[in-house]
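1. I'd like to go over a predicted model; first the sequence, then the structure.
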Amino acid sequence: MTARVARHFPQAGDIMVRRRDPNAAALGFFRLIRPADWGVAFAGAGLGARLAGGPGRGNVALGAAAVATVIAGAFVNGDWFHRRTRVLVSPGNPIARGLVRPGEAKWLGYILLGAGLAAAAYLGPRPFAAAFLTAAIVLLLDYFFDEAYFARNILAASVVALPVCYGWFGLDGGAGSPVVAAAVGGLVAISASIFRDVENRRGDEVAGRKTIAVGGGRLPVAVAGGFALAATAVSFIPYFVGGYSRRYLTLVAAVGGLMAFYTVLNLRRREPDPLLAGSTARMMKFLIFLFFAGTYGEVLF
């Protein structure tokens with residue numbers, strides 16, 4: 001792997017010594033934490049706690065921030081671990097661009113993991129155990145199965161679904177069920193990650209990574225659309241079975257309609273457009289957050 005990267009990107013071996021703009025370092029650290037993923041994990045954990053009846057608001061906020069920070073730390077450590085291939089697969093990554101040095105990224109990941117686990121431990125044994133298990137799963141998938149076929153997509157689903165389950169079990173664990181919310185978030189996350197694979201297809205091919213998008217064609221887009229369709233179907237269950245209001249029905253119909261619209265836009269291209277696929281992936285991540293926030297409001301009121 002390292003030889004292949006060095007052949008196609010000779011300066012990859014120099015990422016530890018490349019000069020950087022000091023003014024851009026702060027932005028690099030901010031992007032390395034992946035604030036969008038942090039926000040989705042925070043919203044998912046809060047929703048899970050609310051579905052379970054929820055403890056005090058302060059505990060929910062602290063617990064949700066704890067698991068989101070743990071996941072951010074795991075991602076930062078994953079970026080450090082795969083820093084030499086990130087220059088091909090994700091050239092915009094702050095480590096690949098030289099905005100954050102590898103040693104700094106490694107310690108930032110440790111600090112985030114430690115801070116998140118410490119906050120979870122403060123809340124009690126159950127929150128700590130749930131947060132530790134979440135971190136272990138994310139690190140295991142990111143470290144050892146990053147190049148395995150479809151494993152990255154499972155990782156994307158886990159970092160969305162696990163916080164919901166964490167919030168339900170770790171912060172309270174009573175009435176209600178996190179299954180539908182976790183399933184919808186996970187399915188949309190898989191769809192978004194496949195579109196992200198389409199965006200990064202050429203880099204994955206050079207790096208020798210086996211993703212569903214390698215080889216081109218419309219199949220990856222069709223598979224991503226299938227996961228989005230499944231998520232839409234599951235999201236209607238609380239309305240028909242759980243007695244949710246028409247406000248919730250409007251929310252899931254709008255989310256499902258947007259996902260279908262963007263999927264059709266991608267399918268209309270003879271060859272998948274990396275820029276359109278990347279925009280679709282980011283839009284779907286926002287829709288996950290919107291779904292979690294809207295469902296939280298439905299349960300709250």
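-> Cool, the structure landed.

2. so where do the helices sit in the stretch 151-300 of the chain?
-> Assignment of helices within the stretch 151-300 of the chain using DSSP state H, counting those that start in this stretch yields the ranges 151-169, 179-199, 201-207, 219-235, 237-240, 246-267, 274-300.

3. could I get those as CSV with mean neighbour count?
-> Just so you know, the C-beta spots here come from the backbone N, C-alpha and C atoms, and that holds for glycine as well. As requested, those are exported to CSV (neighbours: other Cβ atoms under 10 Å):
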stretch, mean neighbour count
helix 151-169, 25
helix 179-199, 26
helix 201-207, 19
helix 219-235, 20
helix 237-240, 16
helix 246-267, 17
helix 274-300, 19
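
4. which sections of the protein are below the confidence cut-off?
-> Along the chain, the parts satisfying pLDDT under 70 run over 1-23, 53-58, 91, 146-148, 170-176, 207, 215-216, 300-301.

5. switch to 50 and redo it
-> Scanning the chain for pLDDT under 50 picks out 1-18, 56, 173-174.

6. sorry, back to before: including distance to residue 39, could the helices of the stretch 151-300 of the chain go into CSV?
-> Below are the helices of the stretch 151-300 of the chain laid out as CSV (distance: least, Cβ to Cβ, whole Å):
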stretch, distance to residue 39
helix 151-169, 11
helix 179-199, 13
helix 201-207, 26
helix 219-235, 19
helix 237-240, 22
helix 246-267, 16
helix 274-300, 6
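
7. So for residue 43, which of those sits nearest?
-> Each of those has some distance to residue 43 by Cβ to Cβ; the shortest is helix 274-300, at 4.0 Å.

8. quick one: the closest one to helix 246-267, angle?
-> 170 degrees (axes from the mean of the first three to the mean of the last three Cα atoms, to 10 degrees).

9. returning to what we had before: between the helices of the stretch 151-300 of the chain, which one is closest to residue 44.
-> It's helix 151-169; of those, that one is closest to residue 44 (Cβ to Cβ) at 3.8 Å.

10. then that closest one to CSV, C-alphas only?
-> C-alpha atoms of helix 151-169 as CSV (Å, rounded to 0.1, in the frame of the first residue of the first chain):
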residue,chain,number,x,y,z
ALA,A,151,-16.8,-2.1,5.8
ARG,A,152,-16.5,1.7,5.5
ASN,A,153,-20.2,1.9,4.8
ILE,A,154,-20.9,-0.1,7.9
LEU,A,155,-18.7,2.2,9.8
ALA,A,156,-20.7,5.2,8.5
ALA,A,157,-23.9,3.6,9.7
SER,A,158,-22.4,2.7,13.1
VAL,A,159,-21.4,6.2,14.0
VAL,A,160,-24.9,7.4,13.4
ALA,A,161,-26.9,4.5,14.8
LEU,A,162,-24.7,3.8,17.9
PRO,A,163,-25.2,7.2,19.5
VAL,A,164,-29.0,6.7,19.3
CYS,A,165,-28.7,3.4,21.1
TYR,A,166,-26.1,4.9,23.5
GLY,A,167,-28.6,7.7,24.4
TRP,A,168,-31.4,5.2,25.0
PHE,A,169,-29.4,2.7,27.0
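
11. Report the buried residues of stretch 100-119.
-> Buried residues in stretch 100-119, counted by 16 or more other Cβ atoms under 10 Å: 100-101, 104-106, 108-109, 112-113, 115-117, 119.

12. Going by distance to residue 186, which of the residues you listed wins?
-> residue 116 (20.7 Å).

13. picking up where we left off before, from the buried residues of stretch 100-119, which two are the most distant?
-> Longest distance between any two of the buried residues of stretch 100-119 is 26.7 Å, between 101 and 119; criterion Cβ to Cβ.

14. residues contacting residue 228?
-> 187-188, 191, 256, 259-260, 263, 284 (Cβ atoms under 8 Å, 6 or more residues apart in numbering).

15. what about it, distance to residue 272?
-> Note on residue 228: its distance to residue 272, by Cβ to Cβ, to the nearest Å, is 15 Å.

16. One more: residue 113?
-> Residue 113 is 35 Å from residue 272, where distance means Cβ to Cβ.

17. Among the buried residues of stretch 100-119, name the ones in helices.
-> In helices, judged by DSSP state H, the following of these are found: 104-106, 108-109, 112-113, 115-117, 119.

18. May I have the phi/psi pair for residue 213?
-> phi -90, psi -20 (degrees, to the nearest 10).

19. wait, what's in contact with the residue lying closest to it once chain neighbours are set aside?
-> Spatially, and ignoring its direct neighbours in sequence, residue 213 is nearest to residue 197 (3.9 Å; Cβ to Cβ, 6 or more residues apart in numbering). For residue 197, the contacting residues are 152-153, 204, 211-214, 220, by Cβ under 8 Å, 6+ apart.

20. Pick out whichever of the ones in helices among the buried residues of stretch 100-119 sits closest to residue 70.
-> The closest of those to residue 70 turns out to be residue 116 (Cβ to Cβ; 3.4 Å).
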